[in-house]
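Peer 1: okay, structure incoming, though there's no sequence with it:
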């Protein structure tokens, strides 16, 4: 799992370095617009991946607990909602980046 994250990070940094060198040919203002879109995409992407991992782990633990004691269903749902909130915060950060 960590190898995939490292590989993804290296690929994103390599793509960002290419855009940084292309900034001289295109112009600084146009490059700034590209960086806004890239940073917004990274914000949403990373937060959704992290939220998905969190929901997967919390959901698996909640299902195991509910199989032993069905009354725990109401106590497990808020934790899943908190994990899904990570994705919403990433989306809000992306909107703030794009409209600033």
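Peer 2: Perfect, I can see it now. Only a predicted model underlies this, so the values are computations on that prediction, with no experimental measurement involved.

Peer 1: only C-alpha atoms from now on, for both contacts and neighbour counts.
Peer 2: Will do.

Peer 1: so how far is residue 84 from residue 60?
Peer 2: According to CA to CA, to the nearest Å, residue 60 and residue 84 sit 15 Å apart.

Peer 1: and if you look at residue 100?
Peer 2: For residue 100, the distance to residue 84 - CA to CA - is 25 Å.

Peer 1: check which helices and strands the lengthiest helix in the chain sits against.
Peer 2: Counting residues, the longest helix found in the chain (DSSP state H) is helix 28-68. Secondary-structure packing of helix 28-68 (3 or more CA pairs under 8 Å, 6 or more residues apart in numbering; DSSP states H and E): helix 2-26, helix 73-98.

Peer 1: and if we set it to 7 Å?
Peer 2: Secondary structure elements in contact with helix 28-68, counted by 3 or more CA pairs under 7 Å, 6 or more residues apart in numbering; DSSP states H and E, are helix 73-98.

Peer 1: got a pLDDT number for the residue nearest to residue 62 when sequence neighbours are not counted?
Peer 2: Among residues not flanking residue 62 along the chain, residue 76 sits closest, at 5.8 Å (CA to CA, 6 or more residues apart in numbering). On the pLDDT scale, residue 76 is placed at 82.

Peer 1: tell me, how many residues neighbour residue 76?
Peer 2: For residue 76, the neighbour count with other CA atoms under 10 Å is 17.

Peer 1: that one reaches residue 63, doesn't it?
Peer 2: No - taking contacts as CA atoms under 7 Å, residue 76 lies outside contact range of residue 63: 8.8 Å.

Peer 1: quick one on the thing from earlier: residue 60 and residue 84: which has the busier surroundings?
Peer 2: Of the pair residue 60 and residue 84, residue 84 is the one with more neighbours under other CA under 10 Å, namely 19 against 12.

Peer 1: ok, now which ones touch that one?
Peer 2: 51, 55 (CA atoms under 7 Å, 6 or more residues apart in numbering).

Peer 1: measure it to residue 32 for me?
Peer 2: 30 Å.

Peer 1: check residue 43 too.
Peer 2: Taken as CA to CA, the span from residue 43 to residue 32 is 16 Å.

Peer 1: so which of those two has more stuff around it?
Peer 2: Between residue 43 and residue 32, counting by other CA under 10 Å, residue 43 is the more crowded of the two (20 against 13).
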